[in-house]
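**Q** sequence plus the predicted model coming up.
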Amino acid sequence: MTTAKRILIVDDDAFIRRPLEFILRQEGYQPATAADATEGLRAVESDLPDLIFLDVMMPGKDGLTWCAELKSDPRYCGIPIVLLSARGQEHDREQALALGAADFMTKPYSPHELKRRVRELLGCG
Amino acid sequence: MAQWSLADRTLYAKLVYYGPALGGKTTNLKVLHQVTDPEGRAKLVSLNTANDRTLFFDLLPFDLGSLLGYKVALKLYTVPGQVRYDATRRAVLAGADAIVFVADSDAARERDNREAWQDLSQNMRATRLDPAGVPILVQLNKRDLPAVAAEDAMRAWFGLAPSLCVPAVARNGTGVLSTFIAAAHAMIERLVAMAEPQTRRTLDAGNLAAQLDAAFAPFVARNVAAESIGASSRTGAAPIVLESSDLLESAVASSVVLGAQLADEHGRVQRLEREAESLRLLSDALRSSGASFERDAVVQASLTAAVTTLGAAGAALGTLGASGGLLLSGVAGRDLATLAEAPGMASILERMLKGPGAAVIDDLALEAPEAAAAASGLRALAVIPVEPAQRASLVVAMPSPDGTFSDADVRFLSTLAGHLAVGLEKVRVHGELRAHRDQLEAVVNARTRSLKMAYDELKSVDAMKDRFLANVSHEMRSPLTVIIGAATFLRDYEGDPAEREEMMAGILRSSQALDRMVDGLLRVARLDTGDDTVVANVEAADVVADALRLVGAEERTSVVVDPRITSLSADSSRLARALANLVDNAIKFGPDDEAVELRVAPCVLGRPGGSVAGVVFAVLDRGPGLHEEEVERAFAPFEQGGDPLTGKPEGVGLGLYEARAIARRHGGTLIYLPRSDRGSEFRLSIPAEPVANQATRVAHGG
């Protein structure tokens, strides 16, 4: 038996975190949540995730900035990050990928599509 | 009159010996003839008159050799001294380039000297010789007589510098050559100074004095030799003596007159050349670009040409106004305004200007004595039409005492007037073209401006559309994300009851947020498209309570209503919405632990027709406030404060836009004021009573 993959969800809106959290748990992953970059970093430090879902627009440190920080940190740069944004312009996607994000998804996203991406990124299923 | 002949490179000049009878004029010439022409190539001609008096009339042409690159041919004349030969004297004097006055030093002949000197002065005037332009030397002859007047006294009487008074004893040759050389010096210097520019360019006038000295050197040498021999032993060629007869005398006089006429003719030719040169310069000036399109410059060039070419006292462009009245403009030379203002002159000038052709007054003193007295220094006046349609003419005045307009002058002025007319026409056409161009430019500019305004407006509408799409789509995406995620969970998984409950609550909440948003958009769309504001008497406290309820801000807001305010006329739901938007903003941007203040108080609203009583609703917070440059943007639709990545509040950016629109619908205003310590104050003021045409009042009851 393999250990369940850990997925960290960082979004300031609890109503967005919760459905994602429930769905991922039902799919057999081990989700954790954080409301902003500070909480997120604490979660990363205490229990290194296999994948991070990260909202772009958040109070305090925005998702793009934190993504860049994680990617420049040798301890965490290997964690794939999927950026989530309600702004869907093409340049937002380009900017996210340029910062080292593994993927970029616009809200509202299809849960089915989300599950497919998770499987691809974690190389299983 | 001197002639610089460019063709044969010879200067022809005339030197006249003048003076009382028997003063020694002829002796001077005889000595000079002997010294300068010992071989007697040129003949000395003498005419003896009848009744015992002697009329000497001597011609002495000789060659001075090369001077300034020119040969100099001088003709020497003496005039008859006797009073009765005045006409002949004038004929001989005419056109003189220099004059030697041979005075008799005999103390007894002082009176003869004076009479001859006055006679010279009169005859110079009569023959138009300029006393300032023709050099005059005085020879104090017969210094060897026993009773002579003192040199100093004589010099003082003639009023001449010592260098221009040469003592002499012509009988033995003393002082004759030096008199002649001094006169020739003065004459040639004068002629060089007065030469036309065209001629002057051909002159080799490096060191004039040295060249003159060199030219005269052989004569000086011969003279010294002659003086050592003694005048009595001189053997010059004997003069040809003609026995007097009236016929002979008149023949000689005629030949002199003819010579003078020839000289005049030559002068005329030179003058025509000068005029041609002036016209050429003028036409160059007109042709050259820039200045030629300036009316003043064109007029000035013509007037200057008239003054310099004719030696006129002054010139102006005279124009007759439509209702009479004379305007002189572009004055060159002497100002003619004094003349025009002189008594009687205006009407004379007007008459001359009205005439069809050139009009000339030869002597103002005869035509208009008063005017002539007022405008002293002017003698003759010419008016030459330039543009008859514009009633514009050249007005030119010649100086007194003897300025006149010859036929040639009038012809020249007519030609000049023609040039000026062409120049003025050019100026006019250019001006019209320029005005046309300016007009076109103005039209193009106006069109460009209106296009630019239309473009700017379109651009701002376009930017608003972009903001609308960005904001609205973003604001819809978050609740949709929740709804889709929660609904998917509910459909696909069993979950536990608590989870299912939470998902359903999320769906409800997000749907309500979407509903509010659509509601807000529709409200603003209605505000933008038509006026359906309905006012009624409402209680201020009720409106405030409604507003706080709309945004659920009852707990966070401290309300202070002035007791003087009870009811007011307003569209209560709209006003409550406006206040709700302001309170909502204050809560979003203010710190969480600070209450928002809402104060209601009476106020006075300024209006064009006087001020009216009003009510002000002030909403105050302790948020960051607005920078000066953010204020206008804040009121624009779909604009939002905060950092789009980290601090953007919920909403699509219509709150202030809607609140201001509602205030305006009530005939009021919504303004922003920064708070001196920190935060924002939004003041919504509306009249206490409805403003006519601003809202429809609904009658109560019934």
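**A** Cool, got the structure.
**Q** which positions in chain A make contact with chain B?
**A** Contact residues (C-beta under 8 Å from any C-beta of the partner chain) of chain A with chain B: A:13, A:15-16, A:18-20, A:22-23, A:26, A:56-64, A:86-88, A:106-112. Backbone N, C-alpha and C define where each C-beta goes, glycine included.
**Q** show the buried residues in those.
**A** For those, burial is judged from neighbour counts taken by 16 or more other C-beta atoms under 10 Å in any protein chain shown, and it is met by A:13, A:15-16, A:18-20, A:22-23, A:56-58, A:61-64, A:86-87, A:106-109, A:111.
**Q** in helices, which of the residues of chain A next to chain B fall?
**A** Cross-referencing the residues of chain A next to chain B against helices under DSSP state H gives A:15-16, A:18-20, A:22-23, A:26, A:63-64, A:111-112.
**Q** ok, which pair from the residues you listed is furthest apart?
**A** Pairwise distances across these peak at 29.7 Å for A:Gln26 and A:Leu64 (criterion: C-beta to C-beta).
**Q** what number of residues lie near the residue lying closest to B:Lys142 once chain neighbours are set aside?
**A** Of all residues not flanking B:Lys142 in the chain, B:Ser105 sits nearest, at 4.7 Å (C-beta to C-beta, 6 or more residues apart in numbering or on different chains). One way to gauge burial is a neighbour count; for B:Ser105, by other C-beta atoms under 10 Å in any protein chain shown, it gives 25.
**Q** the one 3 residues further on now?
**A** In terms of burial, B:Ala108 registers 11 neighbours under the definition other C-beta under 10 Å.
**Q** can you pull the contacts of A:Thr33?
**A** Neighbouring residues of A:Thr33 by C-beta atoms under 8 Å, 6 or more residues apart in numbering or on different chains: A:8-11, A:17, A:21.
**Q** likewise for B:Val299?
**A** Going by C-beta under 8 Å, 6+ apart, the list of residues near B:Val299 reads B:317, B:329-330, B:420, B:424.
**Q** how about a cut-off of 6 Å?
**A** If you count contacts by C-beta atoms under 6 Å, 6 or more residues apart in numbering or on different chains, B:Val299 has them with B:317, B:330.
**Q** if I look at it, how far off is chain A?
**A** Applying C-beta to the nearest C-beta, to the nearest Å, one obtains 69 Å for the distance of B:Val299 from chain A.
**Q** quickly find the element holding the residue in chain B that chain A sits nearest to.
**A** Nearest residue of chain B to chain A, counting by C-beta to the nearest C-beta: B:Gly485, 3.0 Å away. Assigned by DSSP states H and E, B:Gly485 belongs to helix B:407-492.
**Q** do you know the pLDDT at the spatially closest residue to A:Asp36 that is not a sequence neighbour?
**A** Spatially, and ignoring its direct neighbours in sequence, A:Asp36 is nearest to A:Gly60 (4.9 Å; C-beta to C-beta, 6+ apart). As predicted, A:Gly60 sits at a pLDDT of 84.
**Q** same check, this time on A:Ala43
**A** Listed pLDDT for A:Ala43 reads 92.
**Q** need the contact list for it.
**A** A:Ala43 sits next to A:8, A:32, A:34 when contact means C-beta under 6 Å, 6+ apart.
**Q** so which of the residues you listed sit within strands?
**A** Helix and strand membership here follows DSSP state E; of the contacts of A:Ala43, those in strands are A:8, A:32, A:34.
**Q** closest to chain B among those?
**A** Distance from chain B was checked for each of the ones in strands among the contacts of A:Ala43 by C-beta to the nearest C-beta. The minimum falls on A:Ala34, at 15.5 Å.
**Q** what bridges to that closest one?
**A** Beta bridges link A:Ala34 to A:Val10 when assigned by DSSP bridges.
**Q** count the neighbours of it for me.
**A** When counting by other C-beta under 10 Å, one arrives at 21 neighbours for A:Ala34.
**Q** B:Met453 now?
**A** For B:Met453, which is what you asked about, the neighbour count (other C-beta under 10 Å) is 10.
**Q** likewise B:Ala322?
**A** There are 6 residues near B:Ala322, going by other C-beta under 10 Å.
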